[in-house]
Each structure stands twice: as C-alpha cells, then as structure tokens.
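A.B. asks: how does the following fold in three dimensions:
(2 chains)
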Amino acid sequence: MAYPHSEIEARWQQYWEQHKTFRTPEEPDRSRPKCYILDMFPYPSGQGLHVGHPEGYTATDIQARYRRMKGFNVLHPMGWDSFGLPAEQYAIKTGEHPRGITYQNIDTFRRQLKMLGFSYDWDREVATTDDEYVRWTQWIFLQLFKKGLAYEGEMPVNWSPDLCAVLANEEVEEWRAKGHKVERRAMRQWVLKITEYAERLLADLDGLDWPESIKEMQRNWIGKSEGAEVDFAMDGETIRVFTTRPDTLFGATYMVLAPEHPLVDKVTTPGQREAVKAYRAAAAAKSDLERTELAKEKTGVFTGAHAVNPVNGESIPVWIADYVLWGYGTGAIMAVPAHDTRDYEFAQKFGLPIVQVVRPPEGTDWRGYVDDGVAVNSGEFDGLPTAEFKKKITAWLEEKGVGEGKVNYKLRDWLFSRQRFWGEPFPLLHCEKCGVVPVPEEDLPVRLPELTDFRPTPDGQPPLARATEWLKATCPVCGGPAFRETNTMPQWAGSCWYYLRYIDPKNDRALVDPDKEKYWMPVDLYVGGAEHAVLHLLYARFWHKVLFDCGAVSTPEPFRKLVNQGMILGEMEYHADPAAFAAHAAALKERGIEGIEERKDGDVASIILRTRRDGHGAGLPDDLIEKRQGKVFVKDMDLEITGRAEKMSKSRGNVINPDDIVKEYGADSLRLYEMFMGPLTQVKPWSMKGVEGVSRFLSRVYRLVVDDETGDLSPKLSGGEPTKDQLRSLHAAIRKVGGDIERMDYNTAISAMMIFVNEAQAWDALPRSLLSTFVLILSPFAPHLAEELWNRLGHPDSLSGEAWPEVNEEYLKEDEIELPVQVNGRVRGRIRIAPDAGEEAVFELALACPEVIPHLEGKSLKKRIYIPKRMVNLVAAG
RNA sequence: GCCCGGGUGGCGAAAUGGCAGACGCAACAGACUUAAAAUCUGUUUCCCUAAAGGGAGUGCGGGUUCGACUCCCGCCCCGGGCACCA
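C.D. replies: Prediction:
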C-alpha cells in the first residue's frame, strides 16, 4: 500500500516554510566553502509547470541539499523571467494590464514549485518585471550606453505584422513555426555592440566546465575566421574583398559583389543596367531565409565592369550575386572557382574560367578541392604549402599597400529593441537640442505607463507611443522638452543578470554589493535546457564582461559549470506499417487495438497503435507485445511493430501534468522518478509504470520504519547495534550515493539505495541508528519522506542540519571474495580467496579449480594474468 | 553538406580496458487471499539441449590486446545544432 505522501509532504513543506529552513544568511560564516547552485529561471506561462521543469530543478535541489550536508554555504535561489509575449498578447486581447496576469501566473508557478519541496531560499525571489529589478536592468543599460556599446540606427528588421513586433534573427524561425508571418522592414532600432567582445567571448570559453557541444555551438556562432583583405583596382574605384585563402589569389577568375553593395551602381555599365536593376530588386524582396532556402541554384548578373587582380594584373569580370552577403566581411569576394565550392558551382553555371592554383594530394581531383595543398600557377610562390603561402602573400600585400591580414566574425551586433509594451523601457530621452540623453541614474526606474490599449499605434509606432503624458519629459541637460524612448528591451535583458541580483536582492544602492558578489560568484553549477545554448548564455556572458569592465563584478565569466538536462518525451508509442495494419485490421479490433494515422511531410509514415482501456486512449501495454527472432510483434500476430517516443505536445495528447503525478504518487515520487529515468543529460521517454516503480520503492522505505497496518513504528526496529553485514550494506550505499551525487549520476545513486532496501527487507532486526543513517542519504532525493522517517526514528529536529554520513572503509572490508577464472578469456570457474591474497596463491587455487582443469587439459600454459580483486585469466595453447 | 550527441534484453538503463545486462519496468510462476488489489518469493539476452552443458551476443566491417560496450580505422542508422559567413 502506498504511504500517506500527501499528509507527510504538506507537513514538512509547512515546517520548512515556518522555520525558514533553507534561508541563506545575509552574512554567512565565511570560513566555510561556498556553493552557488542555480537553475535557469522559468517564464511563468499560463500553462503552469510541465514535467521538464522539475527535472533540472530536482537535479540542483539534490546538489544543494547534499552540499549543505557537506558543510558548504549554499546559495540556491529561484525567480521569474516574467516579461514576455504571451502576457502582452493577453493584454491586447482583454485591455487589461499584463502585470495582473503575470503575477497571477507567478503565484501558480510558486505554488507548484513549493509543492515539489525544493530547498530554495524564497526570501531571495526576484521577478524581472519588479520595478526594483527593472531599475537595475535599466542601470546596466546605461552603463552600456555610456561605454558607447549601445547605438541607434535604421536597421532592417524582422517585422511580424500579426504579432506587431520585431524579432531577432534568432527568433524568426521559432515564431514562423508557430504560424506567424515575418517580413523585413527598415526601422529605428537600438543595437548593442556585442561584436566588440567577440574575441573575449570566444577565448574565455576554453576555461569553462561546460558541455563541449555547447561551447562548440558558441564558437560556431561567433564564427571567427582569419584571412586577409585585398584591394582590387577598377578604373578609379577600389573593391575590397575578404578572403580566408589569400594563397588562392592567382586563381581568382572573377569577383562578386553583394547586390546591396554601394559600388554596384557606380560600376555597372549602361548595357547591363537593366539586368542589374532587376536582379537587385528581386534580391531585396527575398528574406534572409528565402535567400538561403533557394541556395541550391546559384543566381547572379554580370555588371559589365572589370577589376584588376593585384597579384598578376589580370582583368577579371565583376558580377553581383546573392550568395555574397552584404552583412559579412566587405560584402564582396574574389571568386576562386577551382578551390571554393560555391564559386565552383557559380562558375560552372555561368561558364566562367576555372584555374587551378592548389595541388591536392595524389589521387584527388583539383577541381573543387578546398583543403590545403601546394601552390601551383602562382608565379614566384609556386611550391609553397598553403599555410606558408598565406603568411607570405599577406606580407606581400601589406608591403605593396593593397591589402592586410584581417580577422572576421560571423557574430553580428545584437538588435536590442522591441516595439512592444511589456518590456523594460529604455532609460533614454530624446531632446531636440541635445539628442539622445540618458535618464539620470537617481531617476530610475523608468516605469511603464498605465494603458488600456496595448497595440502599436495605427502608424506603426510602438504601444508606448500611446502614452501621451508619459512620453513628455524634461531634458536633464538643457532643461528643454524631451520625449521618452518608446522602444522596450527584449526578454533577454532581464535574464542577462538575474543571477547577480539573487546575491543581494534587496539592495537599493547597487545592483549587488561588491563584497557579497565577491564571495558568491561565480555560479558553481548552472542547470537548464540546451535550447539556451547560444542566445541566453552568450548574451549573459557579454553583459557580465561589460559589468566586469565597469568593476561591478569580480569574475570575467558568470557560470563556471553548466549542465543541460535532456528533454523528457511522452510515453513510448508503437508503430506499424499502414499496409500491414490494414491487413490485420480484424484481428487487431478483436484485441481492442486501434490505430491512429501519423502523417509526416504529407506522407503516411505509420500507424500508431493504441488501446482503449478504461474509456480513454492509451498506448500499447506490454502484455500485448511479444518478441520473436529479435523483432517485435503484436502478441500472437504476424504484425511487426516498432517503438518510438515523441515530444510531449497538446496536439499529440501525450502531455503529463506534474500536478496529477504529485496528487497520486507524491512529490518525492515525481522527483525520484525523474532522477531515476536515466542520465540527467539524456533525452528519455516518460513511463507511468516507472513512476509506480519508484513509488513502490518509497513505500518499502516507509515500511521499514512504520508498520503499515497500525501506523506505529515497525516491530522490527531495535535499539541494538547493527551487524557487520548491515554495516557493510549501509556503507556501500553511502559511498556509492555520495560519489554519484558528486558526478550527478543520480540514476545509479538511486539504484544503490534500492539495493540497500532490498537487503534491509530481509533482515529481522533493524537498528534505528542504521535506518537513521540511511534516511540521511535518501534525504536529498526524497526530502519529505526522509524528514518524516527521521522524526519517527526519534530525532526531534529537522534533518536539514545533519552532516552527510562518513564512509567507514573498515566496514567494507571483506574476508573473502569470489574471483572468476578465465581460460583464454572465457569464464570457466570461480574461486574464493582473501582479497589481499598474493598472485601465486591465486594462481595455485585457480589451476586447481575443478571447472577449469578440463579446459586446460592437453594444453600448455602460455601466460597467467591476475587483476587484483577482479579476475584471473589463464592463456593456454596447443 | 558541416559540427556535436547517441545506438547494449520486450522497455528505461548499468558496467576505472577485466564476470555484459546492476537497478527499475513489463512478463511468467509461486505464496498470502473466498476472490481481486496490494504485498512477498522466484524466473526472465538469444539459440541448441530433457538436463548437465555448450554456442552466439553491446548498430555493421576490420584492427590493437591475454582480454574490447569501452581504444583505433572505415561505414550505416537515429536525435540535435549550424548552414552560401568567402
């Protein structure tokens, strides 16, 4: 029978709240080591918590509770990334201020998180929408502004007419996928110069304990490439190009300008004017996405102009083509079709000459060869390997004054303004006389106005333009009339620095007290989804470095160790081939199995098999599945099926609600199940049966202490001393669980506890001290049950102040161990021996082993291997 | 196309180069029960065999090693990211 989890969990949650058990003192004992354990804070959506949230949050909670028991001062806070588009859309629809729904949603999230028993210090809770928080977000922006890292410009932006909002390049896909329209439009925008930090953002990745894949994604995003800029002369004009392969200059047979390149107008010859004009118009109409989507087929137009290759004086044609991007490098390239895939395709299509200048290794075609080799057809440079040639030619270019070495980054400046209401207002004023003037720091925060209509104005101005009174201000410089900035900041702003505010959330003189900052930073463990691999983590690192340069923080990087939890998928679904399904329709119906067609890319990919039990649809239960010859079939049928799990989604109907799980099995079961499913970082399917499994385990733990029938203490409990076997089991568990927590291998830690409980069930007498210690190692995982049992075992206070149990190696020593004996790598027999027995003694016993002897018969012993405490291998031949 | 992950029983998974499949789920059998649920005990990678026992086996093909899920080389498949960045 299940233990009374609801009652137990309510009791201890109330206890923790009343006693502020997990409060981190303002002035912690500085002689202890610190540990800052952080979750990526959630956007409090109206949907409430989903099962993905508790995964990461439980992982950090275990870590926080464990570190406290190990004597660390732990900072483990939670808050809300509460600006966001859904609340704004709700406001537009209802005319209500988004504040209301936002704080309502926060209350729901807070209630749900408290229900899961996380050991957050709730006194440090922050929300990015709080006025006091906005104040410091704006303050940081002012520092950026004063450092010249924020500038204003007419920028082509991604405008979504149905969202009435500007999206960052990175966000376009997400919203398109949700069915919104996105088009390009030029608008006045605020931009942050993240490019100025590109090199540091790249270099400092090396020292971080992050998943290699995430670091690699950031490196690719920053996209550093080293090469040279080269000037090509063209009667009166100069076209500058960027290339990473200056060693292929002799192979440049034409040039390409981006359609937007300003020189296009100047150089186009009258005969080509019409064609060029038409091509540019067509290119302008395409979005970035369309340009790349249609990338398979190269397009372009000859301008009629020619330029001179500086290395050999040859005259080469100048084309325009949209495969050259105006936003990268100089917006112009020299084309070396022999050694660049794109140029090669283009040259083939338009019949342009292809000249080899790199000799590839033997047996490789030089056409389209893009890797390093040896120079040919390159005049005096012939015979040079690529790397050396690059250095020489760069020096040559610099000497002649026609080029120079150059580093380029793919990273673009960060488009920082949105035409929305529900975001931080920019602390900026527009003064007719003085231009853009920052709001004085003592006047922060600039609060949002009260409106009832949150739509953009009919002439396309942001919603803040509707606040006619709010707009009016006085210029702090000249005292003349000024107008407030009507753009707001993107959602990223608040999440760029929240980890700093937790350290000192109530400070009204600084965003964080420098002394406290120095103590707690950097974040020791940061856990969240991989979807923030690039954007949030890059933006936060950028702001942190700016703050570091301002002297506001003491570390160059904010997050020392990063872990991404893997996504939790829906329950496993079984699929069958549609034709086979149809052929077995009758027999399936008999078994209560029905099929749902699944379409992928317009084709029928498969049929999902479902049963209809208890009135609602469910997956195929395991008792209807059977394996034959390594394949999976529906039981007693000739229908082959395959299992697959998919993302949880409303449309698929496979969403699991944490509230339901807590109600039925309890928070401890949910926590424990999510940690037991598999490695934290891995993608894994949900299984309701798995939840029941861990729930049964917790019930068994409960029954070790409490008699199920009476509710009294179990009669097996004793005040006596534990036996040797009991101590060995316990200490093996302590060692395994502690080590696994350090490595965040929670699934195997839980399995170690299960092994202990399986053994403990067989014991007739259970010393209280033994179970008390076990409860301590269980407590980071299932804190409510642990507190309850700790209390029932006779400890009046919460276990949260207890130390993590020490492993006593003495108890783990075995008198005798079993050793497998292999002959030629196959286990043939087993011997029992003292663990510290000498090699000779081991071999003697092994050779005498009755199961081993027949396998050695008639053979000569070539080699004997003994791996202490592991195994014996006897190598025989003949 | 490029860059990361990953591929082990019916399912989730475990294994410093040293007994592959711990632990859990499901399934099967048994105990308890009037019965069911719950609980407890046992079996459960596949193939051959009545059994004792034997053989095969960690996506595929090679290699290194006394010994490979683990290391090396070459492929295949799945998931994610990037994608005309010169």
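
A.B. asks: low-confidence ranges in the stretch 201-350 of chain A?
C.D. replies: A:287-296 (pLDDT under 70).

A.B. asks: which residues in it form strands?
C.D. replies: Assigned by DSSP state E, counting those that start in this stretch, the stretch 201-350 of chain A shows strands spanning A:224-234, A:237-243, A:254-257, A:301-308, A:315-320, A:332-335.

A.B. asks: adding mean neighbour count, write those out as a markdown table.
C.D. replies: (Each C-beta comes from the backbone N, C-alpha and C, glycine too.) Formatted as a markdown table, the strands of the stretch 201-350 of chain A follow (neighbours: other C-beta atoms under 10 Å):
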| stretch | mean neighbour count |
| --- | --- |
| strand A:224-234 | 18 |
| strand A:237-243 | 19 |
| strand A:254-257 | 25 |
| strand A:301-308 | 21 |
| strand A:315-320 | 20 |
| strand A:332-335 | 26 |
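
A.B. asks: will you turn the ones you listed into TSV that also has distance to RNA strand B?
C.D. replies: What follows is the strands of the stretch 201-350 of chain A, written out as TSV (distance: least, C-beta to the nearest atom of the strand, whole Å):
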stretch	distance to RNA strand B
strand A:224-234	3
strand A:237-243	4
strand A:254-257	8
strand A:301-308	14
strand A:315-320	12
strand A:332-335	5
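
A.B. asks: so which of the ones you listed comes closest to A:Lys689?
C.D. replies: strand A:224-234 (49.3 Å; C-beta to C-beta).

A.B. asks: quick one: which of the strands of the stretch 201-350 of chain A is nearest A:Ser695?
C.D. replies: Closest approach to A:Ser695 among those (C-beta to C-beta): strand A:224-234, 51.2 Å.

A.B. asks: what helices or strands is the closest one leaning on?
C.D. replies: helix A:198-203, strand A:237-243, strand A:301-308, helix A:386-400, strand A:403-409 (3 or more C-beta pairs under 8 Å, 6 or more residues apart in numbering; DSSP states H and E).

A.B. asks: which residue does the stretch 451-600 of chain A have closest to RNA strand B?
C.D. replies: Proximity of the stretch 451-600 of chain A to RNA strand B (C-beta to the nearest atom of the strand) peaks at A:Met572, 5.3 Å away.

A.B. asks: what is the burial count for that residue?
C.D. replies: 16 (other C-beta atoms under 10 Å).

A.B. asks: mind checking how far it is from A:Leu511?
C.D. replies: Distance of A:Met572 to A:Leu511, given as C-beta to C-beta, to the nearest Å: 47 Å.

A.B. asks: do the same with A:Pro850
C.D. replies: Here A:Pro850 is placed at a distance of 76 Å from A:Leu511 (C-beta to C-beta).

A.B. asks: same check, this time on A:Asp459
C.D. replies: Counting by C-beta to C-beta, the gap from A:Asp459 to A:Leu511 is 37 Å.

A.B. asks: more neighbours: which of the two?
C.D. replies: Using other C-beta under 10 Å, the more surrounded residue of A:Asp459 and A:Leu511 is A:Leu511, with 21 against 6.

A.B. asks: A:Tyr502 is in contact with that one, correct?
C.D. replies: No. With contacts counted by C-beta atoms under 8 Å, A:Leu511 stays clear of A:Tyr502, the gap being 11.3 Å.

A.B. asks: number of residues surrounding A:Ala186?
C.D. replies: As a burial measure, A:Ala186 scores 11 neighbours (other C-beta under 10 Å).

A.B. asks: ramachandran angles for it?
C.D. replies: Phi and psi for A:Ala186, reported as degrees, to the nearest 10, are phi -90, psi 130.

A.B. asks: nearest spatial neighbour of A:Gly480, chain-adjacent residues omitted?
C.D. replies: Distance criterion C-beta to C-beta, 6 or more residues apart in numbering; nearest residue to A:Gly480, sequence neighbours excluded, is A:Lys433 at 5.5 Å.

A.B. asks: pretty sure that neighbour is touching A:Pro481, no?
C.D. replies: No. Using C-beta under 8 Å, A:Lys433 is not in contact with A:Pro481, being 9.3 Å away.

A.B. asks: shared neighbours of the two, which are they?
C.D. replies: Residues touching both A:Lys433 and A:Pro481 comprise A:Cys475, with contact defined as C-beta atoms under 8 Å, 6 or more residues apart in numbering.

A.B. asks: roughly how far does A:Lys724 sit from RNA strand B?
C.D. replies: Note on A:Lys724: its distance to RNA strand B, by C-beta to the nearest atom of the strand, to the nearest Å, is 20 Å.

A.B. asks: need the pLDDT of that residue.
C.D. replies: Model confidence at A:Lys724, given as pLDDT, is 92.

A.B. asks: can you give me the helices in the stretch 51-200 of chain A?
C.D. replies: For the stretch 51-200 of chain A, the helices defined by DSSP state H, counting those that start in this stretch occupy A:52-69, A:85-94, A:98-115, A:131-146, A:169-177, A:198-203.

A.B. asks: oh, that last question was meant for the stretch 251-400 of chain A, not what I typed.
C.D. replies: Applying DSSP H, counting those that start in this stretch to the stretch 251-400 of chain A gives helices spanning A:263-267, A:273-285, A:288-293, A:341-350, A:386-400.

A.B. asks: close to RNA strand B, is the first one?
C.D. replies: Read it as helix A:263-267. No. Helix A:263-267 lies out of reach of RNA strand B by C-beta under 7 Å from any atom of the strand, never closer than 13.6 Å.

A.B. asks: for that helix, which positions count as buried?
C.D. replies: Within helix A:263-267, the residues that qualify as buried are A:263-264, A:267, counting by 16 or more other C-beta atoms under 10 Å.

A.B. asks: CSV for the residues you listed, including distance to A:Tyr746?
C.D. replies: Output for the buried residues of helix A:263-267, formatted as CSV (distance: C-beta to C-beta, whole Å):
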residue, distance to A:Tyr746
A:Leu263, 60
A:Val264, 60
A:Val267, 65
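
A.B. asks: and the stretch 751-878 of chain A, which of its residues are near RNA strand B?
C.D. replies: A:751, A:754-755, A:758, A:761-762, A:818, A:820, A:822, A:824-828, A:863, A:865, A:867, A:870-871, A:873, A:875.

A.B. asks: any of those buried? List them.
C.D. replies: Among those, the ones that count as buried by 16+ other C-beta under 10 Å are A:754, A:822, A:828, A:871, A:873.
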